[in-house]
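**Student:** Next one to model:
(chains A and B)
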There are 2 protein chains.
Amino acid sequence: MTALSPGALDGAVLVVGCGLIGTSVGLALRTHDVDVALLDALPANVEVAVSRGAGRPLTDRDVPFLVVVAVPPVAVAAVVADALARWPDALVTDVTSVKSGVQRAVDLVPGSDRFAGGHPMAGSERSGPMAASAQLFEGRPWAVTPGPTSRPAALDAVVDLALHVGAVPIIMDSADHDRAVALVSHVPQVMSTLTAARLNDAEGNHLALAGAGLRDTTRIAASDSALWLDILGTNAQDVKAVLELVRDDLDRVIGALGADDAELERVLESGRRGTALIPGKHGSQASSVDVVHVQVADRPGELSRLMTDTGESGVNIEDLRLDHDLGRPVGLAEIAVAVGVGDSLVDALTSRGWTAYR
Amino acid sequence: MTALSPGALDGAVLVVGCGLIGTSVGLALRTHDVDVALLDALPANVEVAVSRGAGRPLTDRDVPFLVVVAVPPVAVAAVVADALARWPDALVTDVTSVKSGVQRAVDLVPGSDRFAGGHPMAGSERSGPMAASAQLFEGRPWAVTPGPTSRPAALDAVVDLALHVGAVPIIMDSADHDRAVALVSHVPQVMSTLTAARLNDAEGNHLALAGAGLRDTTRIAASDSALWLDILGTNAQDVKAVLELVRDDLDRVIGALGADDAELERVLESGRRGTALIPGKHGSQASSVDVVHVQVADRPGELSRLMTDTGESGVNIEDLRLDHDLGRPVGLAEIAVAVGVGDSLVDALTSRGWTAYR
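**Tutor:** Numbers count the residues shown, from 1 in each chain, chains lettered A, B, ... in the order given. The predicted structure is shown next:
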């Protein structure tokens, strides 16, 4: 773990908004014995968060060192301004997923130098204090977005908050942040939606040919529309700027199809290069691992048995991926292992009755 | 297993082209004791395929019942025509990934009524006879594409071939097939490429915010450009027709961003509906399972240990997904289990020292 700054979180942390994110912040801070006070427009949410061990209710005598505003996006700027006014020495941050709008609003209020924004890149398909977890942020990026007048102490406090909850703080200004999430999150969401939308045109049994590639590219298109309407609306300009470049490339592809292979190849190669820039294994995996395929019958207990047998094979697993449809009798697990040991895993699984191959 | 037709594969099957697909067909047919003869422009490929047990070399006296043409796309039509001419009673099929062009060429030669096309939706990141496997087609769709004059016997033979190798035959005509793969495979590939291509514009540390959504949507963009240049070129018109509809939607999104939420919502909802049409669990998963998150340290043996402990927990695993980057100290496994038993798995894993939560 990265060392915490000396003097970090020097006093009580007030979490305003006891939903999934706020309550998870409280739970994570309590594992470090930080004094956490809780506030929510709905007293019932505070009660649940307190009962789960996320902190104690705020009292009139509390003077927080840091206020974490974790309320719905539409209310953030006002709650930040209130906090800055009510506690003239407190540092304040938020957890909103688009940063520039909040920052512009906060810039206009007294005490804005005590504010630095934040955005934990973590979530869950569930919401509310009951879904909260002390581990929600573990290993996840936490964007820290100081404003133009933010004091160093405000920035330090948000970095320390991120480190306390196990996240990886990544410092960028709010405009940078919004361009970054347009590129790595909002535009991929739109592209997934556009791909999936075409499936409504499918004729007859055409979708019976669907494979893993379609499933991967359209998975996030199943997300909640209201949530994405809000996110895309708040970051409209940055998303639009990237989508206009996508449209240029799309026009290039449409024009080149069946007409200009060199142009088509340039776009395909540009995509390949792009995947190689994503941090992590992505893009280089095919050449650096052996992939073992294992058939998994679609009946209860099969995956659990495969887990056990794979775990006991003595071969280190680098990655694992499942491709199975309820409509088919057999699914396929792809298990990546170090180059050279794929055959050992095939042998180990075959000897335990699995149909495994490379 | 689906019952095989009476009298199916009534005689020797000749596989022409001993690469990954052809040799895998041979291996799979040999498990049913079908007599398989092998031919390849490179005698060394036949030797390897024979040594792996995929069949025996073709002799001058052989009169095949069915010829499976598994040569590179550019040579398919000529090899099919040769086979139809050389063995006047043989039925002939192929395994090319785009069907209309081959069908049009075959329609012009004598004996085209003995041809019915095929396309197994299976592959591997490796190629050649050494990469072949008798299980390659197990549970996978095998498109069967009869031509306008195909005899019923030709169609039956390809269906039986697919069933023999464990695949799921899906009958459609070649034009239908090409529209289907444009929709479920070729257009998703282009969309993934277009999303990934934009990453080349990323500034500074912007890609540090990348998450699972970006990785899912851009995974297939890392594929071989030469292969896709060939596929997209052969199916240019069908791919272009779908991409033009994508462009219409994209224009709609660009126009609606920050201006027309109702229009934006229509596109988002259209994408959600599209994902629900894909056969299998996709689209309904969030509500029908409990998802358990488990932290996995990025060091050798951790995933294997998690497999063992999960397998031994006694909880049936519905699905499993890994999200880990080498750049971060901790990855996350998402394990889907039946609704109501998520907490049991959390308890089982926690008691074995894992950080697990819902």
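**Student:** could you show me where the strands are in the stretch 201-350 of chain A, in order?
**Tutor:** A:289-297, A:317-323, A:330-338 (DSSP state E, counting those that start in this stretch).
**Student:** Can you pull the residues of the stretch 51-200 of chain A lying near chain B?
**Tutor:** By C-beta under 8 Å from any C-beta of the partner chain, the part of the stretch 51-200 of chain A that sits against chain B consists of A:121, A:124-126, A:131, A:133-136, A:138-139, A:141, A:143, A:166, A:168, A:170, A:172, A:176-177, A:179-181, A:183-185, A:187-200. The C-beta positions use only the backbone N, C-alpha and C, and glycine is treated the same way.
**Student:** Where does pLDDT dip in the stretch 101-250 of chain A?
**Tutor:** In the predicted model, the stretch 101-250 of chain A carries pLDDT under 70 at residues A:124-126.
**Student:** circling back: just the buried residues of the residues of the stretch 51-200 of chain A next to chain B.
**Tutor:** A:121, A:124, A:131, A:133-136, A:138-139, A:141, A:143, A:166, A:168, A:170, A:172, A:176-177, A:179-181, A:183-185, A:187-199 (16 or more other C-beta atoms under 10 Å in any protein chain shown).
**Student:** picking up where we left off before, among the strands of the stretch 201-350 of chain A, which comes closest to B:Leu245?
**Tutor:** strand A:317-323 (27.3 Å; C-beta to C-beta).
**Student:** Not counting its own residues, what contacts that closest one?
**Tutor:** Residues external to strand A:317-323 that are found in contact with it (C-beta atoms under 8 Å, 6 or more residues apart in numbering or on different chains): A:211-212, A:215, A:281, A:285, A:289, A:296, A:303, A:310-311, A:331-338, B:303-304, B:307, B:319-322, B:324.
**Student:** Drop anything exposed from those residues.
**Tutor:** A:211-212, A:215, A:281, A:285, A:289, A:296, A:303, A:310-311, A:331-333, A:335-338, B:303-304, B:307, B:319-322, B:324.
**Student:** show me the contacts for the residue nearest to A:Ser112 when sequence neighbours are not counted.
**Tutor:** Counting by C-beta to C-beta, 6 or more residues apart in numbering or on different chains, A:Ser112 lies nearest to A:Val106, which is 4.9 Å off, once chain neighbours are set aside. A:Val106 is in contact with A:77, A:80-81, A:84, A:112, A:115, A:147, counting by C-beta under 8 Å, 6+ apart.
**Student:** So which bits of the helix or strand hosting A:Val106 are buried?
**Tutor:** Using DSSP states H and E, A:Val106 falls within helix A:100-107. Buried residues in helix A:100-107, counted by 16+ other C-beta under 10 Å: A:100-103, A:106.
**Student:** weakest of the strands of the stretch 201-350 of chain A in terms of mean pLDDT?
**Tutor:** When the strands of the stretch 201-350 of chain A are ranked by mean pLDDT, strand A:317-323 comes last with a mean of 74.
**Student:** Partner strands of it, with direction?
**Tutor:** strand A:330-338 (antiparallel) (DSSP bridges).
**Student:** which residues are in contact with the partner strand?
**Tutor:** A:285, A:289-298, A:303, A:306, A:310, A:315-325, A:345, B:138-139, B:166.
**Student:** got a list of what A:Pro148 touches?
**Tutor:** So A:Pro148 contacts A:Asp107 (C-beta under 8 Å, 6+ apart).
**Student:** Mind doing that once more with 10 Å?
**Tutor:** Neighbouring residues of A:Pro148 by C-beta atoms under 10 Å, 6 or more residues apart in numbering or on different chains: A:103, A:107, A:112-113, A:173-174.
**Student:** quick one: the strands in the stretch 1-150 of chain A?
**Tutor:** A:13-16, A:36-39, A:56-57, A:66-69, A:91-94, A:116-120, A:141-146.
**Student:** Turn those strands into CSV, columns for distance to A:Leu227.
**Tutor:** Conversion of the strands of the stretch 1-150 of chain A to CSV gives the following (distance: least, C-beta to C-beta, whole Å):
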stretch, distance to A:Leu227
strand A:13-16, 21
strand A:36-39, 24
strand A:56-57, 29
strand A:66-69, 19
strand A:91-94, 17
strand A:116-120, 15
strand A:141-146, 18
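**Student:** closest to A:Trp228 out of the ones you listed?
**Tutor:** Nearest to A:Trp228, of all these, is strand A:116-120, at 16.2 Å by C-beta to C-beta.
**Student:** and A:Thr217, how far is that from B:Arg247?
**Tutor:** 17 Å (C-beta to C-beta, to the nearest Å).
**Student:** which of the two has more neighbours?
**Tutor:** The residue with more neighbours, out of A:Thr217 and B:Arg247, is A:Thr217; 26 against 17, by other C-beta atoms under 10 Å in any protein chain shown.
**Student:** which non-adjacent residue is nearest the more buried one?
**Tutor:** Going by C-beta to C-beta, 6+ apart, A:Thr217 has B:Pro188 as its nearest residue, at 4.5 Å.
**Student:** tell me which element that neighbour is part of?
**Tutor:** Using DSSP H and E, the element containing B:Pro188 is helix B:187-197.
**Student:** Counting by contacts, list what that helix packs against.
**Tutor:** Applying 3 or more C-beta pairs under 10 Å, 6 or more residues apart in numbering or on different chains; DSSP states H and E, one finds that helix B:187-197 contacts helix A:187-197, helix A:212-218, helix A:236-256, helix A:261-277, helix B:212-218, helix B:225-234, helix B:236-256.
**Student:** got these as a markdown table, with distance to B:Leu268 columns?
**Tutor:** Listed next are these as a markdown table, based on distance: least, C-beta to C-beta, whole Å:
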| stretch | distance to B:Leu268 |
| --- | --- |
| helix A:187-197 | 6 |
| helix A:212-218 | 13 |
| helix A:236-256 | 13 |
| helix A:261-277 | 24 |
| helix B:212-218 | 15 |
| helix B:225-234 | 28 |
| helix B:236-256 | 9 |
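**Student:** tell me the most buried of those?
**Tutor:** Among the helices and strands packed on helix B:187-197, helix A:187-197 has the highest mean neighbour count (mean count of other C-beta atoms under 10 Å in any protein chain shown), at a mean of 28.
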